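>>> okay, predicted coordinates and the sequence, questions at the end:
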Amino acid sequence: MRMKLPILISALASLALLAVAFWWAPLNQDEGWYLMAARRVSQGHMPYRDFAFTQAPLFPYVFQFAQPLISTMGLAGGRLVNIGFSLLTFLVLHRSLRYFVPRPSRAFAFLLLICILGLNVFQAQYTVTVKTYPLAGFLLTLSMLGWISYQQTHRRSTLMLCALALAAATATRLSVGLFFLPLGFTLLGQRKSDGQKAWISFALLGLLGLSLFFLPFLLLAPEGFKFGLLDFHAAREVNSSWLLKAGFLSRVLQSYLPAVLALFCLLPNWKRWQPGSRSLCLGIFAVTLLHLLAPFPYDDYQVALYPLLALLITIETSHQLPGVKQIRLAPFLLMACLLFAFSSPQLPRWFSNGQDRIWFKTKAQSDLALLREKAELLRTEFTKTPTKILTMDTYIPIENGMEIPRGLEMGPFSYFPDLDTEDAKRYQVVNQELLMDLIRNSDADIATFSGYTFAIESPWITPTADHIRQIYWDLMLERFNLITVFENFGQGPSQLVILADSELRQRLGND
């Protein structure tokens, strides 16, 4: 009875946080090009061959089935799908508790899982943001359910689930494939008790799954596949790389501090951890280390791993903390996690656009609401019917159903100025020559120019020189006419300029 009220409060608070994040979490440029990739797949195109894509291939093939929802709701539809995957992840985690947590401790374990996972503002933000993390997190936790079950029952079918789900998670987020190593070596160490067939079947099924997800693209689009998955990421260049890595660690600690502290408290009893838990923890450490070694590490890379970390902390805490202390700790645990959520540095970014001298620039509406409003305005007031739009803010055409010219599917990351023209065409991106030709000859009758337009030089992810952007701006003014300007738009935010060709401009004038 003592656990029911904290569980109810934490569950309601988690759902409320998720709902607020759905509407108020800041826009991210990645949301547009991820959903544009899903649209291209639904149109019959293949990533790496027919359009550029710089992640593992499974995401657009899964999200193509959500196209009716996304066509109706725009970006909000993609966010709803992500929430769905996150709720499925939580159900898998909840089911996992029955394998490792004794029945008397399950109520406390459930509360701890909700508090650590559901009351984390950073996790909530990237749960709703349309990226690969919720799908990868769901597949990873499904794989780990198979792993935990196998450690208890030694059923070969659960090991099959583990290997195939992990292969699918790798085909969503490439870095999580490192989990194959600690799990495989654990099975090798258990071969005396489990037999040789266990680790051999795990390895064969893992290879079969990876081949199923990756081999078609490797055979049909080898150059684009290598370019999108390896060359693009390896070529990133940054100044003060060690400072960036220190910043990555600092922000990860800031975002996940309660979980990290709990993990450090559990580590002294490492040898007493439950069967299979240590290998999962080593997998989390290995993937985190890989993220840290990336040329440009983003702290949100950890989002797909966090549900699994929350599960491990929940399992081991339930075993190491006596039942009486669990009951006493429950209200303090809930209050601490609520305070941690309320004090998150992410929250001010949801509701303001920073500070102007002594004034906070409070948002009148959410970024998502502003996107919906301006995208609808483009569709109904300026163009009347869905048409083609020249833009690098790909969440605009996702929101209003417009199409973009080929070669701009990656949004601001479509511009590779140092690629020669043949390579740019082969990889389905644009260089300076192709971009100028696109501006002059595009059949788009409307265009946008924002702080992200031609502003990022890939693959290094460095800013384009101002005088180069001015050349592109002048070219756009030769082809299009200025219609209007919107302030504080999109990720960043930045100024959004709307332009139209002369024929549309004349028609708008007549109207």
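Received, thanks. A quick note: this is a predicted structure, and the numbers were derived from the prediction, not measured.

>>> C-alpha only now, for contacts and for neighbours.
OK.

>>> contacts only, for the closest residue to residue 424 other than its chain neighbours.
The shortest distance from residue 424 to any non-neighbouring residue, by CA to CA, 6 or more residues apart in numbering, is to residue 430 (5.6 Å). By CA atoms under 8 Å, 6 or more residues apart in numbering, the residues touching residue 430 are 407-408, 414-417, 421, 424.

>>> quick one: residue 430 from residue 459, how far?
Using CA to CA, to the nearest Å, we find residue 430 at a distance of 12 Å from residue 459.

>>> which neighbours do these two share?
Between them, residue 430 and residue 459 share the contacting residues residue 416, judged by CA under 8 Å, 6+ apart.

>>> let me see the contact set for residue 315.
By CA under 8 Å, 6+ apart, residue 315 lies in contact with 97, 100-101, 109.

>>> state the phi and psi torsions of residue 355.
Dihedral pair for residue 355: phi -130, psi 130, per degrees, to the nearest 10.

>>> what sits up against stretch 103-110?
Stretch 103-110 is contacted by residues 3, 7, 94, 97-98, 101, 314-315, 317-318, 323, 326-327, 330 when judged by CA under 8 Å, 6+ apart.

>>> and of the contacts of residue 315, the nearest to residue 78?
Distance to residue 78 across the contacts of residue 315 (CA to CA) is lowest for residue 97, with 29.5 Å.

>>> for that closest one, what are its contacts?
By CA under 8 Å, 6+ apart, the residues touching residue 97 are 106, 109, 311, 315.

>>> with pLDDT and secondary structure added, can I get the residues you listed in a markdown table?
Shown next, in a markdown table, are the contacts of residue 97 (pLDDT from 0 to 100; DSSP: H, G, I helix; E, B strand; the rest coil):
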| residue | pLDDT | secondary structure |
| --- | --- | --- |
| 106 | 93 | helix |
| 109 | 94 | helix |
| 311 | 95 | helix |
| 315 | 93 | helix |
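
>>> just the buried members of those?
Buried subset of the contacts of residue 97 (neighbour count, 16 or more other CA atoms under 10 Å): 106, 109, 311, 315.

>>> which members of those residues are the farthest-apart pair?
Using CA to CA, the two most remote members of the buried ones among the contacts of residue 97 are 106 and 311, lying 12.3 Å apart.

>>> ok so, going back, of the contacts of residue 430, which pair is most distant in space?
Farthest-apart pair in the contacts of residue 430 is 408 and 421; separation 14.9 Å (CA to CA).

>>> and the contacts of residue 430, which is closest to residue 266?
Using CA to CA, residue 414 comes nearest to residue 266 of those, at 45.1 Å.

>>> that closest one: neighbouring residues, count only.
Burial of residue 414, expressed as a neighbour count using other CA atoms under 10 Å, amounts to 26.

>>> quick one, what contacts it?
52, 407-408, 429-430, 458.

>>> out of the helices and strands in this protein, which is least certain?
For the chain, counting by mean pLDDT, DSSP states H and E, helix 502-510 ranks last in confidence among helices and strands (a mean of 59).

>>> could you list the domains of this structure?
Residue ranges for the domains of the chain, per automatic domain parsing: 4-349, 367-510.
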